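Enquirer: what's the 3D shape of this:
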Amino acid sequence: MDLELLRERARILQNIRRFFTERGYLELDTPALSPALIPETCLEVFKTDYIKPGTPQKNTALYLVPSPEVYIKRIIAQHKVDVFQLSKCYRNGESSARIHSPEFTMLEYYTMNADYKDSMEITERLFNFLLPPPPNGQNRSTGGENCSAEAAGTDPWDFLRPPFIRLTMDDAFERYAGFRLSRYASVQGLAEQARRLELGESTENPFDTWGIDDLYELIFVHAVEPNLPCDKPVFLTDYPAFVPCLAKDCAPQNGLSENGAPETGSGAPDVKNGALWKERWELYAQGIELANCYTEEQNPERVHAYFETEGRLKEKTALVPHASDGEYWKIFNDFPSCSGVALGADRLIALLCGRTSIEPILPFPLEL
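Expert: Coordinates of the predicted model:
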């Protein structure tokens with residue numbers, strides 16, 4: 001990594017801190033090691049052992065955190081203040097490639113008395129703060145479909161400039177996969193659509209035997225994600241409730257799915273807790289997933305149920321099983337209304353430095 005990129009990386013990180021501290025957010029510095037983690041079947045973790053002096057036979061298992069969330073939410077429950085953190089995070093079992101690294105820098109920020117829509121506005125303001133101002137007399141948005149900065153008009157940063165596109169997951173599936181997710185939200189319905197899209201069904205593992213979240217992921221990765229716009233960042237909103245996460249449910253609207261689409265189609269929708277969608281978004285820029293946001297779940301019973309269900313599944317499927325805190329759900333007995341965002345800082349820095357890979361902006365990229 002050359003000196004200019006080191007300086008630019010440092011400047012961007014300093015400006016991220018300045019953005020949040022100037023707005024009254026408390027910067028946190030939570031541990032990288034934890035004896036227990038939030039169970040998430042979508043990722044793998046790193047395990048190590050603490051060897052207590054004099055008793056090497058009584059090692060204590062510790063885990064590198066895949067996100068500081070496990071600690072940050074404890075602080076929020078106790079103090080109920082806006083917080084942010086820039087920290088190293090660790091995820092195992094992923095390729096070390098163009099936009100992946102087992103060790104990476106994460107930005108997380110939580111805003112009190114806010115929901116996922118408020119976090120969209122905060123995130124757009126963060127981007128405006130980090131970007132140079134648009135050229136005098138130029139529009140803030142030129143539109144278009146080209147992914148290159150040169151094609152974005154006289155403003156070379158238009159491809160990262162707010163306002164961002166807002167697109168529901170239901171609309172994205174209709175636009176890029178050819179069907180509304182709300183009308184086919186069942187194993188039978190998604191298996192039917194996966195066959196129509198010719199996504200490689202095998203006789204040994206027919207789509208009808210897959211889980212609904214696996215079918216959804218297959219279609220999303222092959223038909224939706226590669227076709228998202230590149231001319232502007234995209235907030236992809238309202239994720240299906242059958243994909244487990246700690247986000248609040250969207251409120252149903254008079255027998256319709258939350259965006260107004262009738263819940264009809266091949267197979268009954270797989271609805272959890274009476275809702276089809278979660279108050280969640282992910283942010284994509286230049287085809288790269290940058291951030292994940294929730295209106296944070298406050299209901300302790302639902303958090304407890306999530307830990308029980310995900311924990312059991314994690315025990316069966318994890319390459320590196322880990323402990324979960326069976327009492328963690330109790331902090332939600334007095335948890336404030338808030339929204340949290342986790343943003344890949346290395347990916348954002350790469351885009352701000354005009355790079356398509358995180359490798360040039362990492363001081364010491366791992367060669368694995």
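Enquirer: please identify the buried residues of the strand or helix carrying Arg125?
Expert: Arg125 is part of helix 116-130 when elements are defined by DSSP states H and E. Neighbour-count burial for helix 116-130 flags Tyr116, Ser119, Met120, Ile122, Thr123, Glu124, Leu126, Phe127, Asn128, Leu130 (criterion: 16 or more other C-beta atoms under 10 Å). Quick note: C-beta positions are derived from backbone N, CA and C, even for glycine.
Enquirer: could you do stretch 190-207 as well?
Expert: Leu190, Ala191, Glu192, Gln193, Ala194, Phe207.
Enquirer: the fifth one and Ala177: what is the separation?
Expert: When you say that, I think you mean Ala194. 9 Å (C-beta to C-beta, to the nearest Å).
Enquirer: tell me the contacts of Glu367?
Expert: Applying C-beta atoms under 8 Å, 6 or more residues apart in numbering to Glu367 gives the contacts Ser96.
Enquirer: sec struct for it, please.
Expert: coil (DSSP: H, G, I helix; E, B strand; the rest coil).
Enquirer: same check, this time on Glu204
Expert: Strictly by three-state DSSP, Glu204 counts as coil.
Enquirer: which residues touch stretch 339-346?
Expert: By C-beta under 8 Å, 6+ apart, the surrounding residues in contact with stretch 339-346 are 13, 16, 67, 69, 72, 86, 99, 101, 104-111, 114-116, 118-119, 122-123, 283, 289-296, 358, 361-362.
Enquirer: please pick the buried ones from those.
Expert: Listed as buried from the contacts of stretch 339-346 are 16, 67, 69, 72, 86, 99, 101, 104-111, 114-116, 119, 122-123, 283, 290-296, 358, 361-362; burial here means 16+ other C-beta under 10 Å.
Enquirer: so which of those residues are in helices?
Expert: Filtering those for membership in helices, criterion DSSP state H, returns Ile16, Glu69, Ile72, Tyr116, Ser119, Ile122, Thr123.
Enquirer: taking the buried residues of stretch 190-207, tell me the two that lie furthest apart.
Expert: The span of those, defined through C-beta to C-beta, is set by Gln193 and Phe207 at 9.2 Å.
Enquirer: quick one on the thing from earlier: got any residues that touch both of Ala194 and Ala177?
Expert: Contact criterion C-beta under 8 Å, 6+ apart; residues shared by Ala194 and Ala177: Ile219.
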